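Participant: fold the stuff below for me.
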Amino acid sequence: MEGMGRLFDERLNEMLLRHGVELVDEHKMNDNLELSVKGILTEYCAGKKCALWGAGRMNTTSSHTAVLIGKYATYLQNLVCVIDSDPDFQGKSFLGYPIIAPEQIKDYNPEIIVISSKNSAKSIIDSLLEVSPASRYVDLYGELSRRGLEVYNNFFDERSIYTQIFDLQQNLKSEDRDFEKAGILHKIISYYLGIRDFYYAFFYMDLYIREGYEGYKEYILLKAEINELLKEIISINAGRTQDISMFYVDALRQMDVIDSQSGSPRVLKKYIDSADIYTNVYSTGATTYESMVSAILGKYPLECNVYSQNFLRSVDEFKAVKQIYDLGYRINWMVSDAYRLLEDDYRLHFDIQIYMSRKLWNLACSLAEAKYKDKIFSFIYFPYEIHCPMLCGFHEIKPVIRGFSNMGIEDFPDSIAVQYQECVDYMDRQFDFYYELLGTGTTKVIFSDHSQVVYRKDNGTKTYNMYYKDKELVAHIPLIISRKGKEYKAYDGLLSLVDLNDIILSIVEDKDLTGLMKQVIRYQYYPIHSAKIRLHAQQWGYDDYIDGMDIFASEDYIYIKTGTGREEVYRHEDLDTSLLDTTEGRIFIDIVRKIYNVAF
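Facilitator: Now for the predicted structure:
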């Protein structure tokens, strides 16, 4: 299903239309970009034998190649093959097309090769010129850029309302004429209301009212009506006490939620004030799919093929979700189209949205419209705002777009740190605004799937995987279990996301998680397939760290075993001094090996 809470949503839309506010369909904001992609494919591929470069780890759902084949097939009618440099894929098929090695290009003789990778285009072009210098190609993102379209994320999942809001805000600052300023404010307000970001919609409505622009009284009336609607939802949801909502904020770091020195909350204070806080929780991996898919399966990344099955798993594989359904809960599965996590299933009520505020609104409305006796379990995934490229609904400075895979390879400006903090602050304001709307008596769980480096001034040439021994920047994540009336309590024992199923079931049973605490936690890196990162590693002497890593950490120590056989041991307080050849270090390795079978 495409949306939840339709009755309250329709009432809100009726209010907006009655007061002259344009209804914004956030799903159709990409029309110009989509038309440009179609134009590029028509210009370069129409009537020509063509090939696509990159099987996208065989992801037939949301990879660039899958989207091009599925959505733009009309413009690729003479597609003959998919090219990929990974030997594991060669000889297989991708959505019916043979996957060939670059060296086989001459055998298929395509007239044009479409390169659609955002982060690896340069290395792909270099490889193409090396094996088939006469081949013609089109770099999709490069061509979009040449046409004046700055694409911040994947072209098929562009969060354009955020970028358009920023452009409008900049126009507002530079505009002197009242009539033009009023028009810009109208547009900003309509965009914020379109994604149900009431915090900033009210901020700009108040500005419009203070300035006394034409029609300002309509905004006074509209704001009052919206507040009455919100109060109605708050009143209904205040009586709901059996519901559980799990908010999965991709790449949210523990250090951004709780100050490590004072232990005080930096954000999400309303939630933390009445909560069990687990301060030493760690992911199983350093990237989204490797961590989250393994957590769903209850295994470590190297124990399961996280890149199979199009990144989608069945409800039956997610033990906790299956059991929750069997316990009589209705399950809201609120995700984005490119990140569904689970396959379509009659037990899940899918809600496909992009923006954080829209997901929170739909959840609040869904709870308010549910039968009083219904128990609702909601899983709400936010893959965008905190994760690279770190774009949100309010930026003071122009966002700079960098993917985490480009760290150490491309320059990262100092402003990235400010940009990231703006995203964290934006998340905090949205969750704060929606606190009562989500039901004060419901159980609200906030967690993440991995940490992230974001920006380090002293980074130099280190790619993201070279922070492997700093668990704070790799795997340390928040876990907040909040409900009004719960007495604040902090637990500092080690927990791992590998136990996600048991964590969820313990929450359902209202049990603490002390029985799941570990002496040593574990996180892993898959072998890196990016040709760009592998080449960079070879150039800078990082070869030992690109073929997988198995990493173990206690309160005091960390032990690393790489896919090439390299071993390292450190104290967390001194990550520069190796303990490998010391008694202290060997004792910790022995402890690890008694608990785990080390992967390498």
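Participant: in the chain, which helix or strand is least confident?
Facilitator: helix 31-45 (a mean of 79; mean pLDDT, DSSP states H and E).
Participant: run through the neighbouring helices and strands of whichever helix or strand comes after that one.
Facilitator: For helix 31-45, the succeeding helix or strand toward the C-terminus, using DSSP states H and E, is strand 50-53. In terms of contacts (3 or more CB pairs under 8 Å, 6 or more residues apart in numbering; DSSP states H and E), strand 50-53 is packed against helix 64-71, strand 79-83, strand 112-115. Bear in mind the C-beta positions are built from the backbone N, C-alpha and C, glycine included.
Participant: so where's the stretch 151-300 of the chain shaky on pLDDT?
Facilitator: Across the stretch 151-300 of the chain, the ranges flagged by pLDDT under 70 are 152-153, 157-160.
Participant: which residues of it fall in helices?
Facilitator: 160-174, 178-194, 198-211, 216-237, 254-257, 269-272, 288-297 (DSSP state H, counting those that start in this stretch).
Participant: and Ile124, which of these is closest to it?
Facilitator: Of all those, helix 288-297 sits nearest to Ile124, with 21.1 Å by CB to CB.
Participant: quick check, distance from the closest one to the centre of its chain.
Facilitator: Relative to the mean C-alpha coordinate of its chain, helix 288-297 is positioned 13 Å out (CA atoms, centre = their mean, to the nearest Å).
Participant: any buried residues in whichever helix or strand comes after that helix, and which?
Facilitator: Scanning forward in sequence from helix 288-297 by DSSP H and E, the next helix or strand is helix 319-326. By neighbour count with 16 or more other CB atoms under 10 Å, helix 319-326 contains the buried residues 319-322, 324-325.
Participant: so which of the residues you listed is the closest to Trp53?
Facilitator: Closest approach to Trp53 among the buried residues of helix 319-326 (CB to CB): Val321, at 36.5 Å.
Participant: got the helices and strands packed on strand 50-53 as TSV, with mean pLDDT and distance to Leu185 columns?
Facilitator: Below are the helices and strands packed on strand 50-53 laid out as TSV (pLDDT from 0 to 100; distance: least, CB to CB, whole Å):
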stretch	mean pLDDT	distance to Leu185
helix 64-71	83	35
strand 79-83	94	47
strand 112-115	96	41
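Participant: I'd like the ones you listed as JSON lines, with distance to Lys561 and mean neighbour count appended.
Facilitator: Converted to JSON lines, those look like this (distance: least, CB to CB, whole Å; neighbours: other CB atoms under 10 Å):
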{"stretch": "helix 64-71", "distance to Lys561": "34", "mean neighbour count": "20"}
{"stretch": "strand 79-83", "distance to Lys561": "34", "mean neighbour count": "23"}
{"stretch": "strand 112-115", "distance to Lys561": "36", "mean neighbour count": "23"}
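Participant: one step back: as JSON lines, the helices of the stretch 151-300 of the chain with distance to Tyr137 and mean neighbour count would be great.
Facilitator: Formatted as JSON lines, the helices of the stretch 151-300 of the chain follow (distance: least, CB to CB, whole Å; neighbours: other CB under 10 Å):
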{"stretch": "helix 160-174", "distance to Tyr137": "27", "mean neighbour count": "17"}
{"stretch": "helix 178-194", "distance to Tyr137": "37", "mean neighbour count": "19"}
{"stretch": "helix 198-211", "distance to Tyr137": "42", "mean neighbour count": "18"}
{"stretch": "helix 216-237", "distance to Tyr137": "51", "mean neighbour count": "16"}
{"stretch": "helix 254-257", "distance to Tyr137": "41", "mean neighbour count": "21"}
{"stretch": "helix 269-272", "distance to Tyr137": "50", "mean neighbour count": "19"}
{"stretch": "helix 288-297", "distance to Tyr137": "28", "mean neighbour count": "24"}
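Participant: out of those helices, which is closest to Met390?
Facilitator: The closest of the helices of the stretch 151-300 of the chain to Met390 is helix 160-174. By CB to CB, the value is 10.5 Å.
Participant: any idea how far Ile354 is from Leu360?
Facilitator: Leu360 sits 13 Å away from Ile354 when distances are taken as CB to CB, to the nearest Å.
Participant: and if you look at Ile386?
Facilitator: Applying CB to CB to Ile386 and Ile354 gives a distance of 14 Å.
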